[in-house]
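Peer 1: Quick one: sequence and predicted model below, then my questions.
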Protein chains: 2
Amino acid sequence: MLWEDTLKQAGFRVTASRRVIIQVLLDSNVPLLPQEILERGRHFHGSLGLVTVYRTLALLAELKLVRRVHCQEGCHGYVVASPGHRHHVICRQCGRAVEFLSGDDVCAFVAQAEAKTGYRVDDHLLQLVGLCPACQAQAA
Amino acid sequence: MLWEDTLKQAGFRVTASRRVIIQVLLDSNVPLLPQEILERGRHFHGSLGLVTVYRTLALLAELKLVRRVHCQEGCHGYVVASPGHRHHVICRQCGRAVEFLSGDDVCAFVAQAEAKTGYRVDDHLLQLVGLCPACQAQAA
DNA sequence: CTCACTGCAAAGAATTTGCACTGAA
DNA sequence: TTCAGTGCAAATTCTTTGCAGTGAG
């Protein structure tokens, strides 16, 4: 389902601000701070306000359309949340992030954790940190 | 190596405040906010200040003795970083967290991600969220 | 003794709220 | 037309800094 439909079905309106914010996130492959989203968004929608960015992100996160992630230096970045679980590998050097699909591997892993702890797990947060190919080459 | 030794070896002093803050973290099995650490710490060391908590956490994080984690509702919690990788399953109901050891499963998983993305992964953050046994029983 | 460490008060960021105006449906 | 959504300014909350006093080594 497209994000616009998700919004409408939940009774929310599709506005220029929301369109711009989602677009900015889609165009980026790096988690963005609210402030960064504002700057990039103003490129398309000059009157965009920071408050709207915050409110929109909160709404989108509520609807699971974006995900708040924990970046290196204590910041709250946001990325689009693809349906189905995906995770990010973030480069500690350049910050570039790549998504990778979690196959059965994670499911199996979660099942194992459930067996060990007795918890019933229904969500998880996984982020890998390392060096992307480009930065590896540069370091060598 | 004990945390006190780690501090000394790095040229820092072992003070009452630091002792208290580490103790509070060790006593908790839930990630704690700076504010919470302050409250619990004052139980042992009345004059403890929030500023010291922040500075101590920054120092301990620098030395890899504690780890900053990303909690549900956009907060920055801290937990002691056990040597060797451990992860947490957090109960969304009561907040109780349990650690579980990541066996080869995670290593295998990381290796798979490296193969898929070309990144060289050297750190990861994994948190599972769900219901602990007690809360499951309560819900039933 | 010295200088790292601390607490307080104040500064600076990050995030939320109140309110009147605007525009999607 | 109506009410959700918006931007601004102000209020809160979170975190960092400046500085003089204190105590670990």
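Peer 2: That came through fine.
Peer 1: State the distance from A:V20 to DNA strand D.
Peer 2: Going from A:V20 to DNA strand D by C-beta to the nearest atom of the strand, to the nearest Å gives 9 Å. Heads up, the C-betas are built off the backbone N, CA and C, glycines and all.
Peer 1: ditto for A:Q136
Peer 2: 29 Å.
Peer 1: Next one: that residue, what pLDDT does it get?
Peer 2: At A:Q136, the model reports a pLDDT of 80.
Peer 1: And A:C75, by the same measure?
Peer 2: A:C75 is given a pLDDT of 56.
Peer 1: near DNA strand C, which residues of chain A?
Peer 2: Remark: the part of chain A in contact with DNA strand C comprises A:8, A:13-16, A:33-35, A:50-51, A:54-55, A:58, A:76, using C-beta under 7 Å from any atom of the strand.
Peer 1: Now do the SS call for the closest residue to DNA strand D within chain A.
Peer 2: Nearest to DNA strand D in chain A, going by C-beta to the nearest atom of the strand, is A:T52, at a distance of 2.5 Å. Following DSSP: H, G, I helix; E, B strand; the rest coil, A:T52 is assigned to helix.
Peer 1: got it, and the one 5 residues further on?
Peer 2: State at A:L57, reduced to three classes by three-state DSSP: helix.
Peer 1: just A:I21 next, same as before
Peer 2: Looking at A:I21 with three-state DSSP, the answer is helix.
Peer 1: And for it, nearest residue in space, chain neighbours not counted?
Peer 2: A:T56 (4.9 Å; C-beta to C-beta, 6 or more residues apart in numbering or on different chains).
Peer 1: Sort out which residues of the longest strand seen in chain A are buried, please.
Peer 2: The longest strand of chain A (DSSP state E) is strand A:120-131. Neighbour counts using 16 or more other C-beta atoms under 10 Å in any protein chain shown place A:V121, A:H124, A:L125, A:L126, A:Q127, A:L128, A:V129, A:G130, A:L131 of strand A:120-131 among the buried residues.
Peer 1: now these in a markdown table, with pLDDT?
Peer 2: What follows is the buried residues of strand A:120-131, written out as a markdown table (pLDDT from 0 to 100):
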| residue | pLDDT |
| --- | --- |
| A:V121 | 80 |
| A:H124 | 71 |
| A:L125 | 69 |
| A:L126 | 72 |
| A:Q127 | 70 |
| A:L128 | 75 |
| A:V129 | 73 |
| A:G130 | 78 |
| A:L131 | 79 |
